[in-house]
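Student: Fold the stuff below for me.
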Amino acid sequence: MAGDAAGDFHDVIDLRDGCTAIVVGDAPGFGPRAAAIADQLRAEIRQAFNAGHDPVKVFEGLDGMLGRGEPRDEPIIATATCVVIDPASREVRLVNAGHLPPLLATTSGVEVVDGHADPLLGIAAKRRLHTRRLQQDATLFLYTDGLVERRGRSLDDSLRGLAELCAELTSGTAWASELARRALERFGEPADDVTVLSARITASRSSTPMTPVRLRVYVDRRDLRSTHTESLVRELAGRLRTLLDVRFEVVDVADRDVDVTGGGVMATPTVVRVSPAPLVRVVGNLTSVTELATLLQLPLPPAEN
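Tutor: Residues are numbered from 1 along each chain as shown. Have a look, this model is predicted:
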């Protein structure tokens, strides 16, 4: 939930390696200026992730951006937390810049994740990366301070109360909307805008392991066609992550130690489906991930809107 000119911001970004980045933050103040800063931060974060940066580099880049204001301007600081989730390994990588800690609800209870945040965005700092692995059916909640901060109530008390509410949720109600509803009933109407996100990796409903697919991509990174083909392979792997165990290696033929004849490569770019057998080889310029999937004889689910 947010007002028309809110400082809260959030984004969910599908990454090229099949992971998903989730960001929640709060720009300072209220009104149009706060909304403009929030929009700028959101755009910078998405651009940095699309460029292949890890969450630590993303936040350190934001520190530099916020610190490059005009000398006459007031310093700009903001809070934000970011989690990158690998749905295959269930690994979560987290960076927290002065933001309220995420809560992790599992069947065994509720845990505060990284209760000791790094300095706020805009304050140059060495950002720490925290990693952990999610249990099956665990739910991770990210939120802004408007959910729990109330006049006359200590923040520690509110966070304990929010953890109690999380503990009351079951697998059927562990969603952001339900937590927000219960929090507003318990704490009363907020004075600030509120954002709540939940991330959940459900347990597999099938005991059959995903089919392994192994691809080898021969490229010449001096050629723009190779760069385009490599990006299509990364997109294909991301689109198939819930259906197949897709892994690929990239071989740069410009490396003098690479034996291209042994791989049967006559031109670049070339994508080889090494497994499952039989071997499938796709050579030449590709126009779309749909074309690549068809030529490699792999199923392709529709793109998410």
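Student: The stretch 1-150 of the chain: strands as residue ranges?
Tutor: When secondary structure is read from DSSP state E, counting those that start in this stretch, the stretch 1-150 of the chain shows strands at 8-14, 20-26, 79-86, 91-97, 103-106, 109-112, 130-133, 139-143.
Student: Taking strand 8-14 as reference, get the angle to the last one.
Tutor: Counting by axes from the mean of the first three to the mean of the last three C-alpha atoms, to 10 degrees, strand 139-143 lies at 140 degrees to strand 8-14.
Student: Any chance you could list what contacts strand 139-143?
Tutor: 10, 22, 24, 81, 83, 85, 92, 100, 102-106, 113, 134, 162, 166, 169, 174-176, 179, 194-200 (C-beta atoms under 8 Å, 6 or more residues apart in numbering). Bear in mind the C-beta positions are built from the backbone N, C-alpha and C, glycine included.
Student: Direction included, what does that strand pair against?
Tutor: Here strand 139-143 has these sheet partners by DSSP bridges: strand 103-106 (antiparallel), strand 196-200 (antiparallel).
Student: For the nearest residue to Ser171 once chain neighbours are set aside, grab the count of nearby residues.
Tutor: Closest residue to Ser171 apart from its sequence neighbours, by C-beta to C-beta, 6 or more residues apart in numbering: Asp137 at 5.5 Å. Asp137: 14 surrounding residues under other C-beta atoms under 10 Å.
Student: How about Leu296?
Tutor: Leu296 has 18 neighbours, counted by other C-beta under 10 Å.
Student: what's in contact with the longest helix along the chain?
Tutor: Secondary structure of the chain per DSSP state H: the longest helix is helix 31-50. The contact list for helix 31-50, computed with C-beta under 8 Å, 6+ apart, reads 4-11, 13, 15, 21, 23, 25-28, 57-58, 61-62, 65, 76, 78, 80, 82, 121.
Student: ok so, going back, how close does the residue nearest to Ser171 get to Arg46?
Tutor: 29 Å (C-beta to C-beta, to the nearest Å).
Student: what do you get for Ala124?
Tutor: According to C-beta to C-beta, Ala124 and Arg46 sit 22 Å apart.
Student: Gly284 now?
Tutor: Plainly put, Gly284 is 32 Å away from Arg46 if you go by C-beta to C-beta.
Student: of those two, who's got more company?
Tutor: Arg46 (16 against 12).
Student: thinking again about what came up before, just the buried ones from the contacts of helix 31-50?
Tutor: Using 16 or more other C-beta atoms under 10 Å as the burial test, those include 6-11, 13, 15, 21, 23, 25-28, 58, 61-62, 65, 76, 78, 80, 82, 121 as buried.
Student: Just the pLDDT for the nearest residue to Leu197 once chain neighbours are set aside.
Tutor: Distance criterion C-beta to C-beta, 6+ apart; nearest residue to Leu197, sequence neighbours excluded, is Leu142 at 4.7 Å. Per-residue pLDDT puts Leu142 at 95.
Student: Also Met65?
Tutor: Looking at Met65, its pLDDT is 85.
Student: what's the spacing between it and Ile37?
Tutor: Computed as C-beta to C-beta, the Met65 to Ile37 distance reads 11 Å.
Student: any idea where the helices of the stretch 151-300 of the chain begin and end?
Tutor: In the stretch 151-300 of the chain, the helices defined using DSSP state H, counting those that start in this stretch lie at 155-168, 176-187, 224-239, 289-295.
Student: chain center to the shortest one: distance?
Tutor: Going by C-alpha atoms, centre = their mean, to the nearest Å, the spacing between the C-alpha centre of helix 289-295 and its chain's C-alpha centre is 25 Å.
Student: Next, the buried residues of it.
Tutor: Of all the residues in helix 289-295, those buried under the rule 16+ other C-beta under 10 Å are Val289, Leu292, Ala293, Leu295.
Student: now do the longest one
Tutor: By neighbour count, and taking 16+ other C-beta under 10 Å as the criterion, the buried residues in helix 224-239 are Ser226, Thr229, Glu230, Leu232, Val233, Arg234, Glu235, Leu236, Ala237, Gly238, Arg239.
Student: Only alpha carbons, please: show it as PDB.
Tutor: C-alpha atoms of helix 224-239 as PDB (Å, rounded to 0.1, in the frame of the first residue of the first chain):
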ATOM      1  CA  LEU A 224      28.000  -8.700 -31.500                       C
ATOM      2  CA  ARG A 225      26.100 -11.700 -32.800                       C
ATOM      3  CA  SER A 226      27.900 -13.900 -30.200                       C
ATOM      4  CA  THR A 227      26.900 -11.400 -27.400                       C
ATOM      5  CA  HIS A 228      23.300 -11.500 -28.600                       C
ATOM      6  CA  THR A 229      23.300 -15.400 -28.700                       C
ATOM      7  CA  GLU A 230      24.800 -15.600 -25.200                       C
ATOM      8  CA  SER A 231      22.000 -13.400 -23.800                       C
ATOM      9  CA  LEU A 232      19.400 -15.500 -25.500                       C
ATOM     10  CA  VAL A 233      20.800 -18.700 -23.800                       C
ATOM     11  CA  ARG A 234      20.700 -16.900 -20.400                       C
ATOM     12  CA  GLU A 235      17.100 -15.900 -21.000                       C
ATOM     13  CA  LEU A 236      16.200 -19.400 -22.100                       C
ATOM     14  CA  ALA A 237      17.800 -20.900 -19.000                       C
ATOM     15  CA  GLY A 238      15.800 -18.500 -16.800                       C
ATOM     16  CA  ARG A 239      12.500 -19.200 -18.600                       C
END
